[in-house]
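Colleague: next input, structure requested:
(one chain, ligands or ions: 1)
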Amino acid sequence: MDNKNRNIPVHVSIIMDGNGRWAKARGQQRVYGHAAGIESVRAVTEAAVEEGVEYLSLYAFSEENWNRPESEVSTLMDLMMDAMKKELPTLMDNGVRFVVLGNRKRLSDRLNEGIDFLMEKTSGCERMTMIVFLSYSGKWDICQAASRAAAQLGPEGMANLTQEQFGQYLVTAGIPDPDLLIRTSGEERISNYLLWQCAYTEFYFSPVLWPDFRKEEFREALRAYSERDRRYGKVK
Ligand code: FPP
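Modeller: Numbering: from 1, shown residues only. Now for the predicted structure:
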């Protein structure tokens with residue numbers, strides 16, 4: 001059966017939540033949970049490729065996360081840097097294009113260089129696109145899009161701005177809006193994530209903490225999605 005008949009979402013996005021609580025429940029530091037969370041990233045990426053998902057996006061670090069203790073922020077950045085270095089061959093073998101979106105001006109030069117290297121190396125991969133949202137927030141995205149649109153289009157262009165045009169200034173330009181947004185750990189909110197892009201996204205909330213969210217849990221979310229009836233505000 002092709003993906004359309006199986007009702008597989010084209011774009012699945014995930015708010016990976018619960019690493020800290022997972023670590024705390026084991027009497028460990030929060031960063032222990034983030035390290036375990038990387039294993040879930042690997043498992044879910046594999047499952048997404050296997051299921052024929054075209055875009056998998058992950059909310060790895062929000063603009064607000066910069067307010068966490070310095071030591072947690074720097075360990076998270078180091079973990080991501082290590083994961084990127086280690087996973088390059090696997091990404092390439094599986095045809096995964098790697099993209100980072102967010103306010104990259106706030107990232108270190110070293111991390112930005114690592115990201116550029118990975119994005120360049122995987123730019124020709126066509127099986128799936130993996131998007132990591134880093135130093136991202138929905139309100140930041142809308143603001144930067146508005147500034148760039150105003151600078152380019154001028155007052156008259158802005159007065160006649162269409163939704164399609166505006167979408168071209170968001171960092172997600174060219175990427176289809178998420179069909180399914182998963183949030184783990186029992187929290188049920190959007191937390192300044194893809195505010196514009198989730199206008200008609202289906203939400204799936206799982207009680208499972210992110211380090212325990214693996215292939216089986218991901219497949220269960222896809223199964224739940226396949227039973228949703230999407231009407232986009234219309235009557236069927
Ligand atoms: C939320 O748990 C998790 C994060 C803020 C970080 C998630 C990032 C990763 C797992 C690394 C991703 C790496 C790549 C390469 C994509 P929390 O700390 O908010 O948990 P809590 O709510 O239990 O405190």
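Colleague: from residue 214, how far off is residue 184?
Modeller: Distance of residue 184 to residue 214, given as Cβ to Cβ, to the nearest Å: 11 Å. For the C-beta atoms, the positions are set from N, CA and C on the backbone; glycine is no exception.
Colleague: these two: which has the busier surroundings?
Modeller: Using other Cβ atoms under 10 Å as the criterion, residue 184 and residue 214 rank with residue 184 on top: 26 against 17.
Colleague: my guess is that one contacts residue 21. True?
Modeller: No: Residue 184 lies out of contact with residue 21 (Cβ atoms under 8 Å); the separation is 10.5 Å.
Colleague: shared neighbours, those two?
Modeller: residue 209 (Cβ atoms under 8 Å, 6 or more residues apart in numbering).
Colleague: which residues touch the most centrally placed residue in the chain?
Modeller: Centroid check for the chain by Cα atoms, centre = their mean gives residue 58 as the closest residue, at 2.3 Å. Contact analysis of residue 58 by Cβ under 8 Å, 6+ apart lists 13-14, 16, 41, 130-133.
Colleague: please flag which of the residues you listed sit within helices.
Modeller: Among the contacts of residue 58, DSSP state H puts residue 41 in helices.
Colleague: mind checking the SS state of the closest residue to residue 121 other than its chain neighbours?
Modeller: Excluding the flanking residues, the one nearest residue 121 by Cβ to Cβ, 6 or more residues apart in numbering is residue 88, at 6.2 Å. Judged by DSSP: H, G, I helix; E, B strand; the rest coil, the three-state class of residue 88 is helix.
Colleague: dump the residue contacts of the residue located most distally from the centre of the chain.
Modeller: Most distant from the centre of the chain: residue 156, at 34.3 Å, with distances by Cα atoms, centre = their mean. For residue 156, no contacting residues are found, by Cβ under 8 Å, 6+ apart.
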